[in-house]
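Q: Quick one: sequence and predicted model below, then my questions.
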2 protein chains.
Amino acid sequence: MSSLTTISENKAFGGVQGVYSHASAETKTDMTFAVFVPGREDGVKLPVLWYLSGLTCTHANVMDKGEYRRLASELGLIIVCPDTSPRGEGVPDDEAYDMGQGAGFYVNATEEPWAANFRMRSYIEQELPALIAQQFPADMERQGIFGHSMGGHGALTIGLRNPDRFKSVSAFAPIVSSLNCPWGHKALGGYLGTDQSTWRDYDACALIEDGARVANILVDQGTADQFLEEQLKPDLLVAACERAAIPLTLNMREGYDHSYFTISTFMDDHLRWHAERL
Amino acid sequence: MSSLTTISENKAFGGVQGVYSHASAETKTDMTFAVFVPGREDGVKLPVLWYLSGLTCTHANVMDKGEYRRLASELGLIIVCPDTSPRGEGVPDDEAYDMGQGAGFYVNATEEPWAANFRMRSYIEQELPALIAQQFPADMERQGIFGHSMGGHGALTIGLRNPDRFKSVSAFAPIVSSLNCPWGHKALGGYLGTDQSTWRDYDACALIEDGARVANILVDQGTADQFLEEQLKPDLLVAACERAAIPLTLNMREGYDHSYFTISTFMDDHLRWHAERL
């Protein structure tokens, strides 16, 4: 188990918003992440809600703009916000914003030059949870997961693959089918190669089609989101959930876009959704 | 009256968070500012709450991290967030973070090289309010003002000099006496020169000593603020308000620092304080 370096800790809403780094065995880099721990009595463990971020983001975007601390503090939820990829010199990258550093897509890459470092699936599913369990007052029997855009894809796919671990799943403006959008084709083609059968583990709709199940899903999607038609395609998730009889609450939000202004607006609804299930 | 350029508008919490720029006659530069307008019925005008930011900040820091939109929307408050100084090539600057661009101190400079552009007092007191009144659904009979650190100094001094305009005044971790802290000595010495009698218009405690009055003041101050002892000195404001019989509510917040994590934590309290008075 790697040790933890504290980058910053600030008191906020009666709790502590921390930023930490550790040497990751999965990515072979230092990884930074943010954790908010509400104020609590000594010895009390709290449920953990994972927030996965979108393309170009680090842990900091949602920490700065997500407005989750007030209600997370009230509801007693630990919020964990990982980075979206390994980073740094010596880590492969791509000039585009949607591949390489900042664009890990929550996969274990099999193709070169990505395979050595781009192991965000194992990092989120195994390595970081073990560290959180060891270092924070976290009740790992009560975990939920949500995220935005590429991170919504991450939340849906990780949630669907691990229904025993995550009691609640939601997303803001998620990529619902990597097999059916340009972002997915570019990233999964690069990280996993051209055999699309290997992509199905990283496609929420394909996972459902292949039998994965969760109790229910909440999605908020802005109608003024510039990526709605080409990349996000919530209708594909509606169809997949209908066929599989998974209750999906899809809220189409009139006039809202792809930004954190939208996420912060509906953050409270998502925190309550998770708290009710954790 | 200069015209307005829209830089961005995003729907948030049922309202619109906008960022705009205009050619300022006072600063002789383009000035950028943020305005949040809650959702409202056509024709309804709303009270205006001015937020002045601290050293190094632009309009964006509080827009991104202040967490004011949820409750401002509920209370029906327009929030105006100006920049902290003129900026750009050709505008004088200083290498230090606490002088020049990003450090306007809400004064009208009289010394060279600052005098031509650094007119933030007139900009906030006259030019920008006229633009807000013209371009937004603002009820200018109902205005309040608050701010952080250097912006807390701005809110207190502008509020004290204009008690008829501002019905409510509050601050987070304000500089309460420019005459009694290193930041004040450096900035006012630079902008106004060595005759300290000219500084008194820009010192909240001196203004009160010289007879300025407001109905009451709210201040939140973290006990773990790294600038508390050397720069902020809330005890000086306590003494000045006591002598002048101005009711001051000073909340010393245990363990909170100088950051936006603190501001966002107590934002709701300040918004309610202003809404009750507007």
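A: Ah, there it is.

Q: who does the spatially closest residue to A:Met63 that is not a sequence neighbour bridge with?
A: Excluding its sequence neighbours, the residue lying closest to A:Met63 (CB to CB, 6 or more residues apart in numbering or on different chains) is A:Ala34, at 4.6 Å. Quick note: C-beta positions are derived from backbone N, CA and C, even for glycine. When assigned by DSSP bridges, A:Ala34 has beta-bridge partners A:Val19, A:Cys81.

Q: A:Ala34 contacts A:Asp83, doesn't it?
A: No. Checked against CB atoms under 8 Å, the pair A:Ala34 and A:Asp83 is beyond contact range at 9.1 Å.

Q: Show me the common contact partners of those two, please.
A: A:His59 (CB atoms under 8 Å, 6 or more residues apart in numbering or on different chains).

Q: Any idea which residue of the stretch 101-250 of chain A lies closest to chain B?
A: With CB to the nearest CB as the measure, A:Ala224 is the residue of the stretch 101-250 of chain A nearest to chain B, at 7.0 Å.

Q: what's the neighbour count on that residue?
A: A:Ala224 is flanked by 15 other residues according to other CB atoms under 10 Å in any protein chain shown.

Q: for it, phi and psi?
A: Backbone torsions for A:Ala224, taken as degrees, to the nearest 10, come to phi -100, psi 20.

Q: Contact partners for it?
A: A:Ala224 sits next to A:Glu254, A:Gly255, A:Tyr256, A:Asp257, B:Lys11 when contact means CB under 8 Å, 6+ apart.

Q: Make a PyMOL selection of the buried ones in these.
A: This is how PyMOL selects the buried members of those, with burial counted by 16 or more other CB atoms under 10 Å in any protein chain shown:
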select buried, (chain A and resi 256+257) or (chain B and resi 11)
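
Q: Which of the contacts of A:Ala224 fall in strands?
A: Counting by DSSP state E, the part of the contacts of A:Ala224 found in strands is B:Lys11.

Q: Let's have the contacts of A:Ala224 in CSV, adding distance to B:Glu67 and pLDDT.
A: Listed next are the contacts of A:Ala224 as CSV, based on distance: CB to CB, whole Å; pLDDT from 0 to 100:
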residue, distance to B:Glu67, pLDDT
A:Glu254, 23, 98
A:Gly255, 21, 98
A:Tyr256, 18, 98
A:Asp257, 19, 98
B:Lys11, 17, 98
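
Q: Which of the contacts of A:Ala224 sits closest to A:Leu46?
A: Closest approach to A:Leu46 among the contacts of A:Ala224 (CB to CB): A:Tyr256, at 30.1 Å.

Q: Name the SS class of A:Ser122, please.
A: Here A:Ser122 takes the helix state, with states given by DSSP: H, G, I helix; E, B strand; the rest coil.

Q: Now it. Nearest residue, chain neighbours left out?
A: Setting aside the residues directly before and after it, A:Ser122 is nearest to A:Glu26 in space (CB to CB, 6+ apart), at 4.9 Å.

Q: and A:Ser2, what pLDDT?
A: For A:Ser2, the pLDDT comes out at 58.

Q: which is the next helix or strand following the helix or strand hosting A:Met63?
A: If you go by DSSP states H and E, A:Met63 is part of helix A:60-65. Using DSSP H and E, the helix or strand that follows helix A:60-65 towards the C-terminus is helix A:69-75.
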